[in-house]
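>>> how would this look folded up:
(one chain, ligands or ions: 1)
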Amino acid sequence: MAEDKTTAIVVGAGPAGSTAAYLLAREGHEVILVERGTAPGCKNMYGGRMYSHALNRIIPEFWTEAPVERCVERELITFLDGERSVSVACRDSEWAGPGCHSFTLLRAEFDAWLAAKAEEAGALLACGIRVDDLVFENGRVVGIRAGEDEMMADVVIAADGVNSVLARKAGLAGPFSARQVATGVKQIIELPAQTINERFQVDDFHGAAQLFVGDCSGGVQGGGFLYTNKNSISLGLVFNVAELSRCRMKPAEALEDFKSSPHIAPLIEGGREAEYSAHLVPEAGLGMMPELFGDGILVAGDAAGFVLNLGYTVRGMDFAVASGEAAARAVMEAKAHNDFSRNGLCRYRELLRESFVLRDLEAYRSAPEILENKRMFNQYPKLVTGLASELFTVDGKPPARLARKIYDRIRASGIGLGQLALDGWKGARGL
Ligand SMILES: Cc1cc2nc3c(=O)[nH]c(=O)nc-3n(C[C@H](O)[C@H](O)[C@H](O)COP(=O)(O)OP(=O)(O)OC[C@H]3O[C@@H](n4cnc5c(N)ncnc54)[C@H](O)[C@@H]3O)c2cc1C
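Numbers count the residues shown, from 1 in each chain. A predicted model of the protein is given here:
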């Protein structure tokens with residue numbers, strides 16, 4: 001049965017949806033935030049860290065009230081090949097300064113907190129409702145359908161994640177290909193804070209973020225991640241879906257192998273597996289972006305493919321928050337003109353461009369293509385670890401000059417010098 005019409009219905013209480021609902025409610029608009037999970041965040045997973053700049057704009061110093069875990073002060077990237085590993089570590093105390101650059105977070109707690117902020121601001125949060133369809137009138141979206149129930153609104157914000165049913169129902173998105181998405185598997189492993197501090201050289205407030213490249217993903221496009229929380233570690237692997245099916249790899253088994261490898265086992269020793277989850281990640285950037293708005297509808301966050309994977313860093317949470325903000329502002333402007341048509345909502349694209357969302361996706365347009373290069377996950381980690389191992393090995397054999405060692409290693413890797421230069425040039429330009 002049709003309910004009274006509200007200004008906006010936001011579908012999905014992830015960071016994109018809750019931000020949009022919070023801002024609209026804060027400005028006095030009637031908004032309903034619909035979530036299929038029994039509580040916001042209960043179905044959501046990600047790697048483990050959010051860059052804080054986007055939410056800090058909206059709720060200054062949100063970390064003083066939000067359930068954040070640790071402020072990331074130590075960043076590592078580790079190349080793996082069998083028993084060998086090479087890590088590059090970077091620590092910057094400014095990241096933990098007054099602007100707090102990024103935090104590790106647990107989604108169940110964080111998403112619940114952000115949705116509660118929207119509720120406090122006046123949004124109506126409706127959990128346990130899975131939206132099945134949109135309601136159309138003269139080809140224009142006028143509401144949502146969940147089972148037998150319909151809810152009407154001037155505008156619907158589709159913030160329903162990577163598999164957005166609503167963007168497809170609105171005719172804004174088509175199906176994505178297996179090459180455009182990755183699947184992530186993750187465990188939360190509980191460990192005492194003191195043990196985490198000692199193993200990762202951090203303290204109770206500061207944390208570490210670590211990415212892994214190489215044979216943890218079986219040499220296929222993907223990688224590993226590890227984030228330190230207060231009393232747990234978020235550990236997981238991400239694989240390109242097309243590659244996964246080509247290699248017939250089982251992500252859960254690969255994660256078990258990763259955990260028992262000499263690179264990870266000492267870091268999680270004595271830990272208790274508290275949670276296992278899996279989720280898709282949109283990885284093709286602009287290559288999979290749907291139309292961002294239509295008559296009576298806007299698409300935000302993962303539903304719009306707003307994730308940036310640069311290999312050394314993964315960002316989706318700050319894109320979700322900023323696109324939720326842009327969607328809310330576009331709706332407010334449409335409301336001021338009482339025009340929720342495609343024309344009335346077209347400011348959304350401009351607002352996304354004025355924020356970092358479209359700007360950064362455009363700047364890193366070639367990143368997905370660079371990360372598809374299989375040498376990044378196979379030959380280059382082998383080359384780096386092999387060379388480092390040789391540098392530090394003293395075994396009484398005749399010495400060779402460094403240049404000779406590098407040359408021999410490159411030859412043995414099967415990568416031609418021209419190819420190496422080209423990959424290096426493309427990587428430096430595109431990332
Ligand atoms: C393995 C992995 C690692 C990642 N690592 C990071 C990282 O470290 N840092 C980072 O910034 N980003 C990371 N990301 C990306 C990040 O998780 C996403 O970009 C972010 O969650 C997008 O937020 P969102 O609000 O758009 O969508 P989501 O967080 O997916 O929220 C969508 C919401 O919509 C709800 N929903 C879906 N369908 C319906 C429906 N029909 N009806 C009602 N509700 C519905 C869902 O239950 C969910 O609550 C990672 C992602 C994965 C999968």
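>>> rest of the way, CA atoms for contacts and neighbours
Fine.
>>> List the contacts of the helix ranked longest in the chain.
Across the chain, the longest stretch assigned as helix under DSSP state H is helix 317-336. Residues from elsewhere that reach helix 317-336, judged by C-alpha atoms under 8 Å, 6 or more residues apart in numbering: 15-21, 23-24, 50-55, 155, 157, 159, 298-302, 306-307, 340, 344-348, 351-352, 355-357.
>>> Out of those residues, which are close to the ligand?
15-17, 50, 159, 301-302, 307 (C-alpha under 6 Å from any ligand atom).
>>> give me the low-pLDDT residue ranges for this structure?
The model of the chain has pLDDT under 70 over residues 1-3.
>>> Serialize the ones next to the ligand among the contacts of helix 317-336 to a markdown table and add fields for neighbour count, secondary structure and distance to residue 378.
What follows is those, written out as a markdown table (neighbours: other C-alpha atoms under 10 Å; DSSP: H, G, I helix; E, B strand; the rest coil; distance: C-alpha to C-alpha, whole Å):
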| residue | neighbour count | secondary structure | distance to residue 378 |
| --- | --- | --- | --- |
| 15 | 32 | helix | 34 |
| 16 | 34 | helix | 35 |
| 17 | 34 | helix | 38 |
| 50 | 23 | strand | 28 |
| 159 | 33 | coil | 36 |
| 301 | 28 | helix | 31 |
| 302 | 28 | helix | 29 |
| 307 | 25 | coil | 24 |
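>>> Looking at the residues you listed, which is nearest residue 247?
Closest approach between these and residue 247, by C-alpha to C-alpha: residue 307, at 24.8 Å.
>>> Correct me if wrong: that closest one contacts residue 287.
No. Taking contacts as C-alpha atoms under 8 Å, residue 307 lies outside contact range of residue 287: 11.3 Å.
>>> still on that earlier bit, how far does the longest helix of the chain sit from its chain's centre?
What separates the centre of helix 317-336 from the centre of its chain is 19 Å, taken as C-alpha atoms, centre = their mean, to the nearest Å.
>>> Give me the buried positions along that helix.
317-335 (16 or more other C-alpha atoms under 10 Å).
>>> okay, now residue 169: neighbour count?
Using other C-alpha atoms under 10 Å, residue 169 is surrounded by 15 other residues.
>>> Grab the longest strand from the chain for me.
The residue-count maximum for a strand in the chain (DSSP state E) belongs to strand 68-81.
>>> So which other helices or strands are in contact with that strand?
strand 84-91, strand 102-105, strand 206-214, helix 379-392 (3 or more C-alpha pairs under 8 Å, 6 or more residues apart in numbering; DSSP states H and E).
>>> Any part of it near the ligand?
No. If you take C-alpha under 6 Å from any ligand atom as the test, strand 68-81 misses the ligand, and the best it gets is 11.5 Å.
>>> No further queries at this time; thank you.
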